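Novice: need a structure here:
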Amino acid sequence: MSQNIIDFTLDDAQLAASLQALTDLEAQLSGLVAMSTEQRRKLARMGDKSEAFCRQTLSVLAQNPQVVPPSLKLAEAQADLAALDRLRPLVLRLQRLAERANDTEVALGSDVMRCALDGYALLKVSGRNQGLEGLRKELGTRFARSTRSTEDVPEPA
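Specialist: A predicted model of the protein is given here:
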């Protein structure tokens, strides 16, 4: 049974334009940071529940500058919050685009895999009379189960 989840083509001009757009986007967002897993793990997180607290605290501090020591760096925190508000819609669009690209990749791969499996089944049935048995066997190595060598098998106690 044939499967065709998606009809998608990406010609040379579209690919070149997309790659250029990504290059431009990377240049525009050159200030983005990359962190290691360890760095991310050590950071304090502002989750959904904490965001209102953070916004309100920064607002109260801005309204009462007499209690804010210079070491608190309130202006930098306010700039970070403004940048966060500007970055979020972009991140959401990028995430949606990445999700669609990933789904498209999966769909294309599935279409190819389904056709190859159906074609392999045809080769198993009708390829014998066409001189294709050797090729079918070669293709069949994809389905061969690997056997554990005697070195990998634990000795009985």
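Novice: just for the chain, where's the confidence low?
Specialist: 1, 127-130, 147-157 (pLDDT under 70).
Novice: in the chain, which helix is the longest?
Specialist: Among the elements of the chain assigned as helix by DSSP state H, the one spanning the most residues is helix 74-126.
Novice: centre of the chain to it, how far?
Specialist: Chain-centre distance of helix 74-126: 6 Å, with CA atoms, centre = their mean, to the nearest Å.
Novice: that helix packs against which elements?
Specialist: Under the contact criterion of 3 or more CB pairs under 8 Å, 6 or more residues apart in numbering; DSSP states H and E, helix 74-126 touches helix 48-63, helix 133-140. For the C-beta atoms, the positions are set from N, CA and C on the backbone; glycine is no exception.
Novice: and the longest one, which residues are buried?
Specialist: By that I understand helix 48-63. By neighbour count with 16 or more other CB atoms under 10 Å, helix 48-63 contains no buried residues.
Novice: so what touches it?
Specialist: M46, V67, V68, L72, L74, A77, Q78, L81 (CB atoms under 8 Å, 6 or more residues apart in numbering).
Novice: now the angle from that helix to helix 74-126?
Specialist: 160 degrees (axes from the mean of the first three to the mean of the last three CA atoms, to 10 degrees).
Novice: dump helix 48-63 to CSV, restricted to CA.
Specialist: Extracted as CSV, the C-alpha positions of helix 48-63 are listed here (Å, rounded to 0.1, in the frame of the first residue of the first chain):
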residue,chain,number,x,y,z
ASP,A,48,6.0,30.9,34.5
LYS,A,49,5.1,31.2,38.1
SER,A,50,8.1,33.3,38.9
GLU,A,51,7.7,35.7,36.1
ALA,A,52,5.0,37.8,37.7
PHE,A,53,7.1,38.0,40.9
CYS,A,54,10.1,39.2,38.9
ARG,A,55,8.2,41.8,37.0
GLN,A,56,6.5,43.1,40.1
THR,A,57,9.7,43.2,42.0
LEU,A,58,11.6,45.1,39.3
SER,A,59,8.6,47.6,39.1
VAL,A,60,8.6,48.2,42.8
LEU,A,61,12.4,48.7,42.9
ALA,A,62,12.2,51.1,40.0
GLN,A,63,9.5,53.1,41.8
